[in-house]
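[1] When you get a sec, could you give me coordinates for this:
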Amino acid sequence: MVTDTPSEPLRVTAWVRGEVQGVGFRWWTRAQALELGLVGWARNTQDGGVEIVAEGLVQDCEELVRRAESGATPGRVDSVVAQWSASKGLEGFFER
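    Numbers count the residues shown, from 1 in each chain. Next comes the predicted model:
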């Protein structure tokens, strides 16, 4: 558990490595995030990965990270590194 208050919104920033560009991974991430009620974005990084920033309830952010690690994504995910921080009050979820 990341916080003692599970109903408090948090932000997760996750860096995804693998074959995740040009395979629909960002669109997949957006669909998963919207299903979970999260806000934020997913964008390609210059090193060939994808950066995901999502805000919402802890359990929903954790679930998004689990789904990214699951192997049931477009492309191939080799690793996901997540960093937790305070929510900044984002709105909507965008694929950049």
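[2] hey, let's count contacts and neighbours off CA atoms from now on
    Fine.
[3] just the helices in this protein please.
    25-36, 58-69 (DSSP state H).
[4] Using JSON lines, lay out those together with distance to residue 88 and mean pLDDT.
    Conversion of those to JSON lines gives the following (distance: least, Cα to Cα, whole Å; pLDDT from 0 to 100):
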{"stretch": "helix 25-36", "distance to residue 88": "17", "mean pLDDT": "97"}
{"stretch": "helix 58-69", "distance to residue 88": "14", "mean pLDDT": "97"}
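[5] Per-residue confidence, the spatially most central residue of the chain, what does it come out as?
    For the chain, residue 52 is the residue whose C-alpha lies nearest the centre (Cα atoms, centre = their mean; 4.0 Å). At residue 52, the pLDDT value in this model is 98.
[6] From what I see, it and residue 11 are in contact.
    No. Applying Cα atoms under 8 Å as the test, residue 52 and residue 11 come out as separate, 10.1 Å apart.
[7] rewinding a little: so which of the helices of the chain comes closest to residue 75?
    Between residue 75 and the helices of the chain, the tightest spacing by Cα to Cα is seen for helix 25-36, at 6.8 Å.
[8] What distance do you get for the residue nearest to the centre of the chain to residue 58?
    Separation of residue 52 from residue 58 (Cα to Cα, to the nearest Å): 15 Å.
[9] cool, and residue 32?
    Separation of residue 32 from residue 58 (Cα to Cα) stands at 15 Å.
[10] what about those two, which has more around it?
    Remark: of residue 32 and residue 58, residue 58 carries more neighbours, 22 against 16, as counted by other Cα atoms under 10 Å.
[11] so that one touches residue 8, yeah?
    Yes. With contact defined as Cα under 8 Å, residue 58 reaches residue 8; the gap is 7.3 Å.
[12] so what's in contact with those two at the same time?
    Overlap between the contact sets of residue 58 and residue 8, as judged by Cα atoms under 8 Å, 6 or more residues apart in numbering, is nil.
[13] residues contacting the residue nearest to residue 48 when sequence neighbours are not counted?
    Nearest in space to residue 48, with sequence neighbours left out and distances taken as Cα to Cα, 6 or more residues apart in numbering, is residue 21 at 6.4 Å. If a contact means Cα under 8 Å, 6+ apart, then residue 21 has 44, 48, 49, 50, 75 as its contacts.
[14] Many thanks, I have nothing further to ask.
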